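Chemist: Fold the following, please.
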Amino acid sequence: MYQVLYRKYRPQVFSDVYGQEHITSTLKNEIENGRVSHAYLFTGSRGTGKTTCAKILAKAVNCENCKNGEPCNECEVCRGLDNGSIYDVVEIDAASNNGVDNIRNLRDEANYTPSKGKYRVYIIDEVHMLSTGAFNALLKTLEEPPAHVIFILATTEVHKLPATILSRCQRFDFKRIQPETMAVRLNQVAELEGMQLDGDAAILIARIADGALRDGLSILDQCAGRSKTITSELVSEVAGLAGRESMFKLSDCIAKHDSNEAMAVISELYQNSFDMERLCVEMINHFRNFLVVKTVKKSRELIICTDDEYNNIQNSAKGFTIESVLFALDLFQDTLVTIKGGASARIEVEMAFVKLCEPKLNESQASLLSRMSELERAVKNAPVVSAQPAVATPEPKPAQEAYAEPKNEPAQERPTQSATPEPDVPAPEPDAPPTPESAPESAPEPPAQPVNSEPESVAEPAPAKMEPFTQWGEFLDVIHRNDIPLFGILNGSSAFTKGEFFVIDTQNDAFRNFIKNPIHAREIKKALVEVTGRQYKLMLFKKKENENAQKRDPLEDLISKAQGNINIEVN
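Modeler: Residues are numbered from 1 along each chain as shown. As a prediction, this is how the structure comes out:
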């Protein structure tokens, strides 16, 4: 009968146990110095060597030729314990023998002396499954057992044990086996079995096993059933994993908000029989790598992968903010819990990717934080920043002349400004916007004086310069939600603020007629209140031709009149 690899290559001495040197060295020293305790507690995750070390310890304390704390595996006692002919070591599964009567029988049997060895050893596996009554029945015997009895308790959930049991045992915590250590053992077993195991495949098996060497050997055994040459592609296919390329494709779709491509990739994986639950786990690990890259300086030490894959992880992580990575991790973990609850795995995974690719569909707090971080990054990189030097230069005339009326033609320019404010304002208000802008050019200008008599038009002094409106992206999101035609007109535009005025800079000539509709003007004001919490008066930049007309020197008009009408030659 074929014997599976994890049973065939189970360690027989402490030196063969991988990844638990802090425990094996202590146990060997205790055996060598004759300081063996009456009760041990081995705790840790599955497949880390708890039961294996318990069996080795049971042989070592009974071995006739023990050297350096290691069993010889050649004496009569060692061979008898291996083949089951000696019953001085008793293994009990607490999951199926968890009653008070089972512990009472154990307590009665403990009074009998061992038949061949020095000690009668009881290995109680999954001890946390014992009932409360069984724990109480075990207490007295565990605290003061006969001199020839040793108890070894093993559990994966130590928090479920009563404090009275913990205080009576010598506790050893087994760590998860590191992927590099597990890969060494996998290569060793593969060589003994005549397999050809690639380095990438060994790392991938170790990563899938998640610190459990037993799981890693089981995956290796399963791959060997397909081929003696084991590659990372074969491991992915046998374990039902999506390839690393698919992981990067899906994360790129999330970064580009391309739900169409993401759904196509998921459909392809589903048709190839990839497990959707496992895909969700892989995406959690994938975004965990992004989180490590973006938050840890020496991230290479915390990510188990090849150098090429690490470079790909660094490049892909640049498309995300820390908030968006955390939001993706939360969403995938919630999806995994929902799938384990019995929901349709494919539908839940597709919903998760649609929410990530279309953040507007999700109104959770994590999604809002992710969108805010994206907006902040977009504002920092927006083209509107390039207009700031033109506004902040010591010569503010070009910025002001874009919407200030000329000194020599005040009456002709006011109709142009009256079309830009919202239609629901009073009639005198259109005269107000040019006044704060023309004041810096000429303080004693007469038209500026009558405006001061209208306190509702000029509520505050005009600032020295216009400031770029940094919340333009969020403003457009509100417009897109409430007024899609207006959003189409404003797309590609920018805006500035100057005191109580909101100045829109757009190259779309249709907007000047579009804003005359009271509905659209009202939507702009509502969006501004929602985004900034303030009420603004609307203004527009004037066209280029108006700017050129303002820059015309009045002396040129005088020369033209002199030459044309009076026939005076002017040099």
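Chemist: Run a quick neighbour tally on residue 347.
Modeler: Number of residues near residue 347 (other Cβ atoms under 10 Å) recorded here: 12. Placement of C-beta: from N, CA and C, glycine included.
Chemist: and the host helix or strand of it, what's its mean pLDDT?
Modeler: Secondary-structure assignment from DSSP states H and E places residue 347 in helix 345-357. The average pLDDT for helix 345-357 rounds to 91.
Chemist: With only the CA atoms kept, save that helix in CSV.
Modeler: Taking C-alpha atoms only, helix 345-357 is exported to CSV below (Å, rounded to 0.1, in the frame of the first residue of the first chain):
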residue,chain,number,x,y,z
ALA,A,345,-18.9,32.3,-4.7
ARG,A,346,-18.8,33.6,-8.3
ILE,A,347,-21.4,36.2,-7.8
GLU,A,348,-19.9,37.5,-4.6
VAL,A,349,-16.5,37.8,-6.2
GLU,A,350,-17.9,39.6,-9.2
MET,A,351,-19.8,42.0,-6.9
ALA,A,352,-16.6,42.7,-5.0
PHE,A,353,-14.7,43.6,-8.2
VAL,A,354,-17.5,45.8,-9.5
LYS,A,355,-17.5,47.7,-6.3
LEU,A,356,-13.7,48.2,-6.5
CYS,A,357,-13.8,49.2,-10.2
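Chemist: Name the residues of that helix that are buried.
Modeler: Using 16 or more other Cβ atoms under 10 Å as the test for burial, helix 345-357 gives 345-346, 348-353, 355-357.
Chemist: where does the stretch 301-450 of the chain dip in pLDDT?
Modeler: 361-450 (pLDDT under 70).
Chemist: now do 50
Modeler: In the predicted model of the stretch 301-450 of the chain, residues 384-450 satisfy pLDDT under 50.
Chemist: Please give me every residue in contact with the most centrally placed residue in the chain.
Modeler: Nearest to the geometric centre of the chain sits residue 325, at 3.1 Å (Cα atoms, centre = their mean). By Cβ atoms under 8 Å, 6 or more residues apart in numbering, the contact set of residue 325 is 287, 290-291, 294, 317.
Chemist: All the helices of the stretch 151-300 of the chain, residue numbers only.
Modeler: With helices called from DSSP state H, counting those that start in this stretch, the stretch 151-300 of the chain shows them at 163-166, 179-192, 199-209, 213-224, 232-239, 244-255, 259-271, 276-295.
Chemist: Mind putting those helices into a markdown table with mean pLDDT?
Modeler: Output for the helices of the stretch 151-300 of the chain, formatted as a markdown table (pLDDT from 0 to 100):
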| stretch | mean pLDDT |
| --- | --- |
| helix 163-166 | 92 |
| helix 179-192 | 91 |
| helix 199-209 | 88 |
| helix 213-224 | 92 |
| helix 232-239 | 84 |
| helix 244-255 | 89 |
| helix 259-271 | 91 |
| helix 276-295 | 91 |
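Chemist: Could you report the neighbour count for residue 268?
Modeler: For residue 268, using other Cβ under 10 Å, the count is 13.
Chemist: hmm, back to that, what comes into contact with the helix holding residue 347?
Modeler: With contacts defined as Cβ under 8 Å, 6+ apart, helix 345-357 is touched by 250, 253-254, 257-259, 262-263, 266, 270, 275-277, 279-280, 327-328, 331-332, 335, 338-339, 361-362, 367.
Chemist: Select, out of the helices of the stretch 151-300 of the chain, the one closest to residue 13.
Modeler: The minimum distance between residue 13 and those falls on helix 179-192, with 14.7 Å, by Cβ to Cβ.
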